[in-house]
Each structure stands twice: as C-alpha cells, then as structure tokens.
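>>> no FASTA, just this:
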C-alpha cells in the first residue's frame, strides 16, 4: 500500500502512519520529497485498507499496490477458466444457467424443482442449504441435511 502524505504533514502525523503500518505486521518504506512524503507499506497488505489511513490527519490519500484478486486476475491467469461440473462446462464461451429454489425445504420441492429446471433447458441446479438470516427466528435452511434431500 502507498500512503501519500499532505504537503504540510507534520513529523508526528508521519510517525502515526508508520506506527499503524508496524502494528499490522508490515514494514514501512519512507520516501521524503521536496513537496510530499510517500510511505510504502511493505508486506502482506491485505491486513490494511485505504480508509484506515485516509481518515488520519496529514494523509492525502492511500491506495493499494496489489489488486485484491490478483490470483484470478488477467495478469496472473490470462486464459478463461473453465470448470467441468459432471460434464457441464462452466466458463469460457459457453453460458450456463443455474436455477433452483432459494431454500431447500423438502425432498418433494427439490424433485419438482429439478423437473422444472430441466424442462426449462438448464443443465445445473442449485438450492440453498445454509441460509443465514438477520432474525434468528426466520427459516435458516436444512444445513448439511439439505444435501441429501
């Protein structure tokens, strides 16, 4: 991560940024220019977010150097990913529609849904087995029992 300090940033404000970087287990690299001071956070920057620094006094802006999803980025993986699910390719040039109920409730519901999904031309089906809710009293799904319905 790179933190650009305001042109009038005080030494104590720069030190506060350095302290926050160190507290996250990273090392700082300070570059003092004639107009600005730039601080680089060296290490696994996933522990940091730009807003952690942008709200601090003396900081002009903060930005990530590394993309959050670099493992799946085009720079790392230039070709389309194609995943085979029981003979059905997902990804690449083929578009697949996956359909099914929001929540797995009964075996009958899943059988009816499967017939309808197949009749609609879909080759893949899904059903929510784990349904976190805001209220602990609303339906939550069957959990792992829903896998065998």
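Thanks, I have the structure now. All figures in this text were calculated on a predicted structure; none of them were measured in a lab. Numbers count the residues shown, from 1 in each chain.
>>> only C-alpha atoms from now on, for both contacts and neighbour counts.
Will do.
>>> make sure I have this right: residue 110 is in a helix.
Yes. Assessed by DSSP: H, G, I helix; E, B strand; the rest coil, residue 110 belongs to a helix.
>>> could you pull out the strands for the chain?
Ranges of strands in the chain, per DSSP state E, are 2-5, 27-32, 37-42, 59-63, 82-85, 88-91, 98-99, 124-125.
>>> deepest of the ones you listed, which one?
Counting by mean count of other CA atoms under 10 Å, strand 2-5 has the highest mean neighbour count of the strands of the chain, with a mean of 23.
>>> quick one: contacts of it?
When contacts are defined by CA atoms under 8 Å, 6 or more residues apart in numbering, strand 2-5 is touched by residues 14, 36-41, 53, 58-65.
>>> kindly recompute the last result at 10 Å.
Residues from elsewhere that reach strand 2-5 (CA atoms under 10 Å, 6 or more residues apart in numbering): 13-14, 17-18, 28-32, 35-42, 45, 50, 53-54, 56-65.
>>> and stretch 39-57, by the same measure?
Under CA under 10 Å, 6+ apart, the answer for stretch 39-57 is 1-6, 9-10, 12-14, 16-18, 20-22, 24-32, 59-68.
>>> quick check: domain ranges of this structure?
Recorded structural domains for the chain (assignment: automatic domain parsing) are 2-70, 82-147.
>>> export these to JSON lines and tack on mean pLDDT and distance to residue 76?
As requested, those are exported to JSON lines (pLDDT from 0 to 100; distance: least, CA to CA, whole Å):
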{"stretch": "domain 2-70", "mean pLDDT": "91", "distance to residue 76": "7"}
{"stretch": "domain 82-147", "mean pLDDT": "81", "distance to residue 76": "16"}
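>>> tell me which of those domains sits most buried.
Counting by mean count of other CA under 10 Å, the most buried of the domains of the chain turns out to be domain 2-70, with a mean of 16.
>>> centre of the chain to it, how far?
Relative to its chain's centre, domain 2-70 lies at 22 Å (CA atoms, centre = their mean, to the nearest Å).
>>> can you show me the helices along this protein?
Under the criterion DSSP state H, the chain contains helices at 11-23, 50-54, 107-119.
>>> any chance of those helices in JSON lines, with distance to residue 99 too?
Below are the helices of the chain laid out as JSON lines (distance: least, CA to CA, whole Å):
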{"stretch": "helix 11-23", "distance to residue 99": "45"}
{"stretch": "helix 50-54", "distance to residue 99": "38"}
{"stretch": "helix 107-119", "distance to residue 99": "6"}
